[in-house]
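Trainee: Generate coordinates for the sequence data below:
(2 chains)
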Amino acid sequence: MYKNIFSRKSLGIPYLLFLLLFVLLPLFVLIYYAFTNGQGEFTVLNLTGFFTDPNTLGTLCYSFGIAAVTTVVCLLLAYPAAYILAISKLPAKSIIIMLFVMPMWINFSLRITALKEILTWMEGRLAYHPFFNTVLGMSYDFLPFMILPIYTTISKLDGALLEAARDLGAGELQAFLKVTLPLSLPGILSGVSMVFLPAMTNYVVLDMLYNSTYIMGSLIGSYFAAYNWNGGSMIALILLGIVCLFTLMTRGIEEENTRGGALL
Amino acid sequence: MIKKAWKSIVIILVLAFLYLPILVLAVYSFTDATNIGAIRGFSLHNYVTLFTTPELVRMILGTALLALVSALLATILGTLGSIGAFYSGKGMASAINTMNQVPVVNADVVTGFSICILLVVVFGVSKDTFLPLIIGHVTLCAPFVFLSVVPKLKQMDSSIYEAALDLGATPLTALIKIVIPQIFPGIVSGFALAVTLSLDDYFVATYTKPATFDTISTYVVNATKGAQTTIKTALWALSTVIFLLVVLFTVFMNIRAGKQSGERQGV
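Mentor: Numbers count the residues shown, from 1 in each chain, chains lettered A, B, ... in the order given. The predicted model follows:
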């Protein structure tokens, strides 16, 4: 009898309810607000307004640019470091890995403050180089999130494959390009998604560096400050759409890749 | 030989990029300089300000308390959820898994804004109750607890649970004595992750916090825009204190891990 009242399955119910209430329901509310105006009447003006206003469209393009450049910079810095760390037998390797993890535990706003002080000392007024400073600030903030997944993937890589490539006559560069790089793609992808999406939305970094906000996330902030729930919801919805698209894309490539790996 | 040096240089450069700002700030936090570059004498006044200004102390303690409370709630919910999802039918498991993924991939701005809309605008809950803030942080953290417990459930030897039931244990006892201990490492790392997420969060807090309450993130973001140099340099001290705490914690964890593996080798 007791067994029926208490089962392991029922343990999931509180969390299921929590998710329904605070994850699913907010999304529906978001959709409702995005397609209504202040009086609660149905409208597509929020949507068409977004795609016809040069300001919001410009912000969207600028965010894409910032996010793309930040992702590339992070990748260029992270891949060599992760590769060296995973492949070579450096002394105190575990300590170095901890050093790459530790910044994630330090509050990002304090880390950005530190960067801001340094940059102010070197550059004078930060607003003179907005693009450079934004990319630098975001790379500084997100770099550990790129290093770790790549490091994990490369260090799990089967060393026998590399040996086989060398035995079959591949040079070091060729072995890297044909074996290591393709096999580290899943790590690169998860790193890219951990950097690209925050870089599109994390407007605090810009805000802190030179009091300017000109990326997608900041639009929500400005609507929020103006109590415009409808406009803010539409921006949130569009961002959600971008997130979904991006997740589906990376997942598609990842699956293809694992399938390719299985064929090998 | 040259190659090895080159490798070390890459690692050192990346580490320098990550750590130099924090370290320079740490050095300057012990002076009475108001900006980097100025050379001034040694002083502890930033630390005195940090620990004696009621506003700052309240903000630090509030952030820590919020992180502990929301991480605790998130750990309970996420752990129970992952056990439930693991043992329930395909439909419920995939429903939980899918919804669990939403806050993980979603931008924090969107998560915070949508919870604010739901609770504050639709349901009319006052932000001053701290309810939106705590719910927001639990929503942010619980999915990560869930994700760190699931692998441990998969590794678990399920026959021990069955054996416990056969030997007369009630499902609840079997759960507490058999399942929980086996997945405990996952619960602990989930809790630690939840604490860091809550401590680091800015966006959810901005949209859901009471106007008079500040977390470290929201406070620092506002303070950097202000011109108050005493507060600004006191925050350098805060950054240094947090950095030292993280270093101490890391060293402590490594020593403990080293001891444990040593014991295992000894056996």
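Trainee: If I look at B:Val138, what pLDDT would I see?
Mentor: Listed pLDDT for B:Val138 reads 97.
Trainee: Pull the distance from the strand or helix carrying it to the chain's centre.
Mentor: Per DSSP states H and E, B:Val138 falls inside helix B:131-155. Average the C-alpha atoms of helix B:131-155, do the same for its chain, and the two points are 11 Å apart (CA atoms, centre = their mean, to the nearest Å).
Trainee: does any part of it sit near chain A?
Mentor: Yes. Applying CB under 8 Å from any CB of the partner chain, one finds helix B:131-155 touching chain A at B:Ile135, B:Val138, B:Thr139, B:Ala142, B:Phe146. Bear in mind the C-beta positions are built from the backbone N, C-alpha and C, glycine included.
Trainee: need the contact list for residue 97.
Mentor: Since you didn't name a chain, this refers to chain A. Residues in contact with A:Ile97 (CB atoms under 8 Å, 6 or more residues apart in numbering or on different chains) are A:Leu85, A:Tyr151.
Trainee: that's the other chain; I wanted chain B
Mentor: Taking CB under 8 Å, 6+ apart as the criterion, B:Asn97 is in contact with B:Ala85.
Trainee: Same question for the strand or helix carrying it: list its buried residues.
Mentor: B:Asn97 is part of helix B:90-105, with elements assigned from DSSP H and E. Residues of helix B:90-105 classed as buried by neighbour count (16 or more other CB atoms under 10 Å in any protein chain shown): B:Met92, B:Ala93, B:Ala95, B:Ile96, B:Asn97, B:Met99, B:Asn100, B:Val102, B:Pro103, B:Val105.
Trainee: for stretch B:45-62, same thing?
Mentor: Buried-residue list, stretch B:45-62, by 16+ other CB under 10 Å: B:Asn46, B:Tyr47, B:Thr49, B:Leu50, B:Leu56, B:Met59, B:Ile60, B:Gly62.
Trainee: Show me the shaky parts of chain B.
Mentor: For chain B, the stretches flagged by pLDDT under 70 are B:1-2, B:227, B:261-267.
Trainee: quick one, phi/psi of the residue nearest the centre of it?
Mentor: Among the residues of chain B, the one closest to the centroid is B:Thr196, at 1.2 Å (CA atoms, centre = their mean). With angles defined as degrees, to the nearest 10, B:Thr196 sits at phi -60, psi -40.
Trainee: my read: it touches A:Pro103, true?
Mentor: No. The criterion here is CB atoms under 8 Å, and B:Thr196 misses it with A:Pro103 at 11.3 Å.
Trainee: Right, and chain A sits closest to which residue of the stretch 51-200 of chain B?
Mentor: The minimum distance from the stretch 51-200 of chain B to chain A, using CB to the nearest CB, falls at B:Gly84 (1.9 Å).
Trainee: Distance of the residue nearest to that residue when sequence neighbours are not counted relative to A:Pro26?
Mentor: Distance criterion CB to CB, 6 or more residues apart in numbering or on different chains; nearest residue to B:Gly84, sequence neighbours excluded, is A:Gly12 at 1.9 Å. Distance from A:Gly12 to A:Pro26, counting by CB to CB, to the nearest Å: 20 Å.
Trainee: The helix holding B:Asn97 to helix B:131-155, inter-axis angle?
Mentor: 120 degrees (axes from the mean of the first three to the mean of the last three CA atoms, to 10 degrees).
Trainee: Helix B:90-105: how far from the chain's middle?
Mentor: Centre-to-centre, helix B:90-105 and its host chain are 22 Å apart (CA atoms, centre = their mean).
Trainee: before we move on, what about stretch A:29-39?
Mentor: Put simply, stretch A:29-39 sits 27 Å off its chain's centre (CA atoms, centre = their mean).
Trainee: quick one: contacts of that stretch?
Mentor: With contact meaning CB under 8 Å, 6+ apart, stretch A:29-39 is reached by A:42-47, A:229-230, A:232-234, A:236-237, A:240, B:110, B:113-114, B:117-118, B:121-122.
Trainee: tell me which residues in stretch A:197-211 are buried?
Mentor: For stretch A:197-211, the neighbour count (16+ other CB under 10 Å) marks A:197-210 as buried.
Trainee: does any bit of that stretch sit next to chain B?
Mentor: Yes. For stretch A:197-211 and chain B, the contact criterion (CB under 8 Å from any CB) is met by A:Leu197, A:Pro198, A:Met200, A:Thr201, A:Asn202, A:Tyr203, A:Val204, A:Asp207, A:Met208, A:Asn211.
Trainee: Go ahead and confirm the fourth one touches A:Met216.
Mentor: The one in question is A:Thr201. Yes. Between A:Thr201 and A:Met216 a contact is recorded at 5.7 Å, counting by CB under 8 Å.
Trainee: who touches both of those two?
Mentor: Counting by CB under 8 Å, 6+ apart, the residues touching both A:Thr201 and A:Met216 are A:Ser63, A:Leu239.
Trainee: Let me have the buried residues of stretch A:197-211 in JSON lines, extended by pLDDT.
Mentor: Conversion of the buried residues of stretch A:197-211 to JSON lines gives the following (pLDDT from 0 to 100):
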{"residue": "A:Leu197", "pLDDT": "86"}
{"residue": "A:Pro198", "pLDDT": "87"}
{"residue": "A:Ala199", "pLDDT": "89"}
{"residue": "A:Met200", "pLDDT": "87"}
{"residue": "A:Thr201", "pLDDT": "85"}
{"residue": "A:Asn202", "pLDDT": "84"}
{"residue": "A:Tyr203", "pLDDT": "84"}
{"residue": "A:Val204", "pLDDT": "85"}
{"residue": "A:Val205", "pLDDT": "85"}
{"residue": "A:Leu206", "pLDDT": "83"}
{"residue": "A:Asp207", "pLDDT": "83"}
{"residue": "A:Met208", "pLDDT": "84"}
{"residue": "A:Leu209", "pLDDT": "83"}
{"residue": "A:Tyr210", "pLDDT": "75"}
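Trainee: Identify, from those, the entry nearest to chain B.
Mentor: Chain B lies nearest to A:Thr201 out of these, by CB to the nearest CB, at 4.0 Å.
Trainee: Name the nearest residue to that closest one, sequence neighbours excluded.
Mentor: Nearest one to A:Thr201, counting by CB to CB, 6+ apart, is A:Gly217 at 3.5 Å.
Trainee: host element of A:Leu161?
Mentor: According to DSSP H and E, A:Leu161 maps onto helix A:159-167.
Trainee: Now do that helix: which elements does it pack against?
Mentor: helix A:172-175 (3 or more CB pairs under 8 Å, 6 or more residues apart in numbering or on different chains; DSSP states H and E).
Trainee: So for the helix it packs on, what gets flagged as buried?
Mentor: Those would be A:Ala175, for helix A:172-175 by 16+ other CB under 10 Å.
Trainee: can you pull the contacts of A:Val192?
Mentor: A:Thr71, A:Leu75, A:Met146, A:Thr250.
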